[in-house]
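**Student:** need a 3D model of the sequence below.
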Amino acid sequence: GRLFREFSIVIAGAVIISSFVALTLTPMLSSRILQKRTGKHNRLYAATEPFFVWLVRTYKNALTSFLRRRRIYTPLIMIVTLVLIAVLWLSLPSEMAPLEDRGQLNVNSTAPEGATYEYTLRYSDELSQFMLEDVPEIESLFQIVGLWNNNAANHRLTLSDASGRSRSQQEIADDLGEKVRAFTGARTFVTQQQTFGGRRGGLPVQYVIQAQNLNKLKEYLPRFMEELDKSERFQNYDVDLKFTKPEIRVNIDRQKASLLGVSVRDIAQTLQLSLSGQRLAYYIMNGKQYYIIGELERSDRDKPSDITSVYVRSRTGQLIQLDNLVTIEESSTPPQLYRYNRFVAATVSAGLSRGNTIADGIEEMDRIAASVLDDTFSTSLTGDSRDFVESTSSLLFAFALALLLIYLVLAAQFESFRDPLIIMFTVPLALVGALLSLWYFGQSLNIFSQIGIIMLIGLVSKNGILLVEFANQRKAAGLNSYDAIVDAAGARFRPILMTSLSTILGILPMALAWGAGSESRVSMGIAVVGGLTVALVFTLFVIPAMYIYISDDKKYVTSVG
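**Tutor:** Predicted coordinates:
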């Protein structure tokens, strides 16, 4: 909701200042600058006035024809509008923000657990050389090896400017992602910098699997990852909980050890002294302090089986080889354990294949979880995925709050609960226009298009206000609802047309934006321009029809009488 808050502060501040200027500075300047008309008009007026007269006359004829059949057309338009809103809202792809072409790629590599720094460096150098030769768009390459772990490497690629490239950042990433799979020395994948967030190596989908214990998670996590690998919605994936650290479990035959006079504590202390390198004491020689460390020779503890060759002393003083008391079991364990909401957890991160959005990725993760995990597991979202879900809920709240506030303000202005309701019918008309435009131009529902939709509520309401306010004035003069709204529609047609076109033309450059980072601006511009255009056309017909249905004639007849 932080973006909505910043946006609302900017818009509210601009509207307050412009309203102050319109009520104070504009009248003063008009009195000084505007000249008294002498009855003559300039050439531009003479050339354009016949067109506007014809346009108003054509509109009034079309409106009269529409109102004669309003019982058919008005319900039909509203039903189609609501159906389209529902269908488009559910079918449009949803994401946090459109991916911008910033000319930057990240190539992350993870070598097998236990790989040395030298191994990772050799692999990274080989990969860097390949990318420099295969991707001509690279301007610079920055390589980092062993910063967090000896088996991890990262390459940051800076591409040439988008205007000078024949391929987009997305196309380069897709092509390079396919080719680096041939490098089997380490797990390597390509990511693009997210517009927002970008945590977990730039992978947008972050899905948390929570279990009651580690063994349960160890059993089911490979199945989940196997199903994830089959999905075509993801091009790469990773999980933070990796069972890759070698572990040796020493299983003690307690009954046999007890018979031989050896306690579990004796065995544990013997192994600790033999393998841990514990400091036992120190001595000083030639003014220098040296520690005495107790452990076996390196040659006696190279293999897991060497543990069974260690001797432990029993209560009777007899030395007993551990081979008689213990069995060795080799397994693997995570280098780190993670918890989420106090549960043992693993976070699965995934990059989306082309044409899929973060909403598609979350839906696919939910499907896999439902088919693989049992009822003892719980799932959650984190990172960019959680931000996306929260922004969607923030949109619905902001949309509802905007409708409520506008309705209350209009109710106070008109001193009526009916007239604001008439004006509110402009909102679904604008919403369907915005969604249709996003669908037609292949855009998604994202934080920027959502901001545009919120902005539409205030922009389209003014057209309804102009119609209803003037119609009320005509009714106060003694006309009925039908004649009043027809008269108001003809009189306010030009102001509505001019204000709407000026707003559309002002926002049109945003919808036609190009260059680096234009993807975000385009979605907002398309939503606003599309919503205003559709609302302009249908408001001029639907609002008069709704005015006839809803407006109260008695109020104004009484005031005139």
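**Student:** give me the number of residues near Ser166?
**Tutor:** Ser166 sits with 7 neighbouring residues when counted by other CB atoms under 10 Å. Where you see a C-beta, it was placed from the backbone N, CA and C, and this is true even at glycine.
**Student:** cool, Val326 as well?
**Tutor:** 21.
**Student:** can you name the residues that contact it?
**Tutor:** Val250, Asn251, Ile252, Asp253, Ile267, Ile307, Thr308 (CB atoms under 8 Å, 6 or more residues apart in numbering).
**Student:** mind checking how far the closest residue in space to the last one that isn't next to it in sequence is from Ile543?
**Tutor:** If I follow you right, that is Thr308. Nearest non-adjacent residue to Thr308, counting by CB to CB, 6 or more residues apart in numbering: Asp323, 3.9 Å away. Remark: distance between Asp323 and Ile543 (CB to CB, to the nearest Å) = 92 Å.
**Student:** so between these two, which is more surrounded?
**Tutor:** Using other CB under 10 Å, the more surrounded residue of Asp323 and Ile543 is Ile543, with 25 against 14.
**Student:** next, the more buried one: phi, psi?
**Tutor:** Note on Ile543: its backbone torsions stand at phi -60, psi -40 [degrees, to the nearest 10].
**Student:** wait, isn't it in contact with Phe425?
**Tutor:** Yes: at 6.4 Å, Ile543 counts as touching Phe425 under the criterion of CB atoms under 8 Å.
**Student:** what is in contact with these two at once?
**Tutor:** Gly464.
**Student:** give the buried subset of the contacts of Val326 as a PyMOL selection command.
**Tutor:** Entered in PyMOL, the line below selects the buried ones among the contacts of Val326, by 16 or more other CB atoms under 10 Å:
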select buried, resi 250+252+267+307
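**Student:** out of the contacts of Val326, which one sits closest to Val145?
**Tutor:** Looking at the contacts of Val326 and their distance to Val145, the nearest is Ile307, at 34.0 Å (CB to CB).
**Student:** so how far is Ala257 from the closest one?
**Tutor:** Applying CB to CB to Ile307 and Ala257 gives a distance of 15 Å.
**Student:** cool, Ser109 as well?
**Tutor:** 47 Å.
**Student:** and Val135, by the same measure?
**Tutor:** 63 Å.
**Student:** Leu55 too?
**Tutor:** 101 Å.
**Student:** do Ala535 as well
**Tutor:** Counting by CB to CB, the gap from Ala535 to Ala257 is 84 Å.
**Student:** okay, these two: which has more neighbours?
**Tutor:** The neighbour comparison of Ala535 against Ala257 (other CB under 10 Å) goes to Ala535, with 28 against 21.
**Student:** how far is whichever helix or strand that one is part of from where the chain is centred?
**Tutor:** Here Ala535, judged by DSSP states H and E, is contained in helix 518-550. Chain-centre distance of helix 518-550: 26 Å, with CA atoms, centre = their mean, to the nearest Å.
**Student:** show me what that helix is packed against.
**Tutor:** helix 43-68, helix 70-91, helix 418-424, helix 426-440, helix 447-476, helix 481-511 (3 or more CB pairs under 8 Å, 6 or more residues apart in numbering; DSSP states H and E).
**Student:** give the buried residues for the second one.
**Tutor:** Judged by neighbour count (16+ other CB under 10 Å), helix 70-91 contains these buried residues: Arg70, Tyr73, Thr74, Ile77, Met78, Thr81, Leu84, Ile85, Leu88.
**Student:** using PDB, write out the CA atom coordinates for the next helix-or-strand element following it.
**Tutor:** Downstream of helix 70-91, the next assigned helix or strand under DSSP H and E is strand 104-110. Taking Å, rounded to 0.1, in the frame of the first residue of the first chain, the C-alpha atoms of strand 104-110 are listed here in PDB:
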ATOM      1  CA  GLN A 104      21.100  -6.000 -16.700                       C
ATOM      2  CA  LEU A 105      21.300  -9.700 -16.200                       C
ATOM      3  CA  ASN A 106      22.500 -11.900 -13.300                       C
ATOM      4  CA  VAL A 107      23.900 -15.400 -13.900                       C
ATOM      5  CA  ASN A 108      24.100 -17.400 -10.700                       C
ATOM      6  CA  SER A 109      26.000 -20.600 -10.300                       C
ATOM      7  CA  THR A 110      26.200 -23.100  -7.400                       C
END
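**Student:** which elements pack onto strand 104-110?
**Tutor:** Using 3+ CB pairs under 8 Å, 6+ apart, strand 104-110 sits against helix 117-134, strand 152-159, helix 169-179, strand 187-192, helix 199-202.
**Student:** just name the most buried of those.
**Tutor:** strand 187-192 (a mean of 22; mean count of other CB atoms under 10 Å).
**Student:** compute the inter-axis angle for it and strand 104-110.
**Tutor:** Angle between the axes of strand 187-192 and strand 104-110 is 160 degrees (criterion: axes from the mean of the first three to the mean of the last three CA atoms, to 10 degrees).
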